[in-house]
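Visitor: Got a predicted structure plus its sequence, pasted below:
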Amino acid sequence: MDFGSTRAMSGTLIDELRRRGLLAQVSDEAALNDHLASGSRTLYCGFDPTADSLHIGNLVPLLTLRRFQLFGHRPILLLGGATGLIGDPSGRPDERSLNHSEVVAGWLERIRSQVSHLLDFAGDNAAVVVNNLDWTADLDVISFLRDIGKYFSVNAMMQRDSVRSRLERDEEGISYTEFSYVLLQSMDYVELAERYDCSLQIGGSDQWGNIVSGMDLVRRTLSREAFALTLPLVTKADGNKFGKSAAGAVWLDPAKTSPYSFYQFWLNTADSDVVHFLNIFTFLTHEQIAELAAALGNAPAERAAQKSLAAEVTALVHGGAALASAQRITTALFAGKLDALTEADFEQLRLDGMACTGLTAADAGLLAALAECGLATSRSAARKLVADGGVRINGTLQTDPERQLDFTDALFGRFYIVRRGKKNWHLLVPDQG
RNA sequence: GGAGGGGUUCCCGAGUGGUCAAAGGGAUCAGACUGUAAAUCUGACGGCUUAGCCUACGAAGGUUCAAAUCCUUCCCCCUCCA
């Protein structure tokens, strides 16, 4: 893995994080600065498997772990095989429904594979991946209550925001299960402190309470130094929630969000957010980001900053080959030269992961085809789209809702490239089956 | 247990017998302007074999030529009192 160009950074790691807008809270900044400056330290961040994939919001702490690694520290990526079975009440207005343990275990493995290549597993400060189920699965209740529970005051736990907000809502409440979550997470910190000499836990700002509880438990049970640091919630200038595209959440799993869609998500970043995101989601230097910010001011139409952001993040998450594919599709679709594409280019688009549907004779009607390939939610919606002038095939505006797609006018006799609106594309080919 | 208020289309929320697929706002989609940006403006926004038809206003029945609107029973939620 090439960490080369990002090495030369001035100031402390904390300064660097602050400069990038990546610092929400720190437990004792001066002491942590000294701690980090005086040796290679071990830190961790936990991720609970609450879905079959992580999403781009999880990228912030993931990449921050890597930033610590670049500064010579050892990151531990903790997967919540146990805590994922319980449910974290932090930041949740309502009780979670419990997932089956086999389901959670399956999600954990998928997350493990998508997360692992973001860190460096070689060298002196090689990253480590652990699963907290390893030290909780065989834990007995009595030991838990005596060894861990004794350190937690219910009076204090009741004061926690995540608990109090639930108690104040008559219709919600909080189960004993979720109430106990913080004990498990705190136990993780102690466990990692003992096993790996871990002395720092990071996480999203909603994790501050959990992290501080763990830090206290380490100090009290092990009498060791322990620190807490949180990262801010990613916000957008227009106030909308970050991380949602038209299709919903943006996932790290390429099967759920294709590398092309992923690339497009970043490419569409608003001007007012792009510099902020470059700082948070890329490893570009401040000089490089300053250049891009200047370019944004001088030639906004070029969108150099957005292109860099999209390229950097896509390469980080999906790799160089996937980035190249995403860029090929983008160029083909948005350079406005569909006619210039060769037959081989179309095959490449399919290989690159462009959305493609095989069309059967039954779906040959334009409306049926639009509904079938997902560009419209129903035939009625498709009819309205056509009436609104929102559908093009091979660049030609479609006005007849009754038209049949028989491929006689398809490119190379078998490709219809359908466009809905400005940015939604789909390839239609004759059904092979 | 007692008294009162309420459940409306993705969300909020108006509507108290026909002019209601149902105001208004949000979200979403399309069009215009642009830079695959933001803002703004315009249109659409239950489904279908689309000048029409079907299904919808917590559930089930009923009254009526006609019900989201009236009646009955049931389910759920909120507020106050005990």
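Guide: Received it, and whenever you're ready, just let me know what you need. Just so we're clear, the structure is a prediction, and the values are computed from it rather than from any experiment.

Visitor: can you confirm A:R67 is in a strand?
Guide: No. According to DSSP: H, G, I helix; E, B strand; the rest coil, A:R67 belongs to no strand; its state is helix.

Visitor: So A:Q306 sits against A:T269, correct?
Guide: Yes. The criterion here is C-beta atoms under 8 Å, and A:Q306 meets it with A:T269 at 5.3 Å. For the C-beta atoms, the positions are set from N, CA and C on the backbone; glycine is no exception.

Visitor: what's the residue closest to the geometric middle of chain A?
Guide: Nearest to the mean C-alpha position of chain A, by C-alpha atoms, centre = their mean, lies A:I56 at 1.8 Å.

Visitor: List the residues that contact that residue.
Guide: A:G243, A:V250, A:W251, A:L252, A:F265 (C-beta atoms under 8 Å, 6 or more residues apart in numbering).

Visitor: Now with 7 Å, please.
Guide: Applying C-beta atoms under 7 Å, 6 or more residues apart in numbering, we find A:I56 in contact with A:G243, A:V250, A:L252.

Visitor: For A:A332, state which of the residues you listed is nearest.
Guide: Taking C-beta to C-beta as the measure, A:A332 sits nearest to A:V250 out of the contacts of A:I56, at 22.0 Å.

Visitor: per-residue pLDDT, the closest one?
Guide: Listed pLDDT for A:V250 reads 90.

Visitor: same check, this time on A:D15
Guide: pLDDT, read off for A:D15, is 94.

Visitor: And the helix or strand in which it is found, what's buried?
Guide: Secondary structure from DSSP states H and E places A:D15 in helix A:13-19. For helix A:13-19, a neighbour-count test (16 or more other C-beta atoms under 10 Å) marks A:L13, A:I14, A:E16, A:L17 as buried.

Visitor: Contacts for that helix next, please.
Guide: A:M9, A:L23, A:V26, A:E29, A:L32, A:N33, A:L36, A:F68, A:F71, A:H286.

Visitor: Make a PyMOL selection of whichever of the residues you listed turn out to be buried.
Guide: Here is the PyMOL command that selects the buried residues among the contacts of helix A:13-19 (16+ other C-beta under 10 Å):
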select buried, chain A and resi 9+23+26+32+36+68+71
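
Visitor: A:Y196: which of the contacts of helix A:13-19 is nearest?
Guide: Of all these, A:Y196 sits closest to A:F68, with 13.8 Å by C-beta to C-beta.

Visitor: gap between the closest one and A:D147?
Guide: 30 Å (C-beta to C-beta, to the nearest Å).

Visitor: same check, this time on A:L316
Guide: Distance from A:L316 to A:D147, counting by C-beta to C-beta: 40 Å.

Visitor: Neighbour count for these two, which is higher?
Guide: Neighbour totals were compared for A:L316 and A:D147, and A:L316 leads with 18 against 13 (other C-beta atoms under 10 Å).

Visitor: where does the stretch 301-433 of chain A come near RNA strand B, residue by residue?
Guide: Residues of the stretch 301-433 of chain A lying close to RNA strand B (C-beta under 7 Å from any atom of the strand) are A:301, A:303, A:306, A:330, A:333-334, A:367, A:371, A:377-381, A:383-385, A:388-390, A:420-424.
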